[in-house]
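Colleague: Could you work out the structure for the sequence below:
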Amino acid sequence: MLTISEANSKYVNYKEPLTYKRVLRLPDAVEWQEATDKELKQFIDLKAIIPLKEADVPHPKILNHQN
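Modeller: Take a look at the predicted model:
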């Protein structure tokens, strides 16, 4: 268990990554990936999303966050 001092030094100045690319460069990237996989599986199990193969998308668009 973390002491208050350890928690403050670890989390007070923590900046959550804004992109998946940045997440993959973090020391805890494995934990981020595991959490992402778990959340994605929950969405699939709840039928909130339906996974598709790229070939099954009739008119794929490439979305770019800079557009």
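Colleague: in what helix or strand does residue 58 lie?
Modeller: In the assignment (DSSP states H and E), residue 58 maps to no helix and no strand.
Colleague: where does the chain have low pLDDT?
Modeller: For the chain, the stretches with pLDDT under 70 are 2, 7-11, 60-67.
Colleague: Can you show me the helices along it?
Modeller: 4-11, 20-23, 29-45 (DSSP state H).
Colleague: With mean neighbour count and distance to residue 55 as extra columns, can I get those helices in JSON lines?
Modeller: Where C-beta positions appear, they are placed from N, C-alpha and C, glycine not excepted. Shown next, in JSON lines, are these (neighbours: other C-beta atoms under 10 Å; distance: least, C-beta to C-beta, whole Å):
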{"stretch": "helix 4-11", "mean neighbour count": "10", "distance to residue 55": "43"}
{"stretch": "helix 20-23", "mean neighbour count": "12", "distance to residue 55": "23"}
{"stretch": "helix 29-45", "mean neighbour count": "11", "distance to residue 55": "19"}
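Colleague: got the ones you listed as a markdown table, with distance to residue 53 columns?
Modeller: A markdown table is the format used below for the helices of the chain (distance: least, C-beta to C-beta, whole Å):
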| stretch | distance to residue 53 |
| --- | --- |
| helix 4-11 | 39 |
| helix 20-23 | 20 |
| helix 29-45 | 14 |
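Colleague: So which of the ones you listed is nearest residue 58?
Modeller: helix 29-45 (21.3 Å; C-beta to C-beta).
Colleague: Having no further points to raise, I will conclude here.
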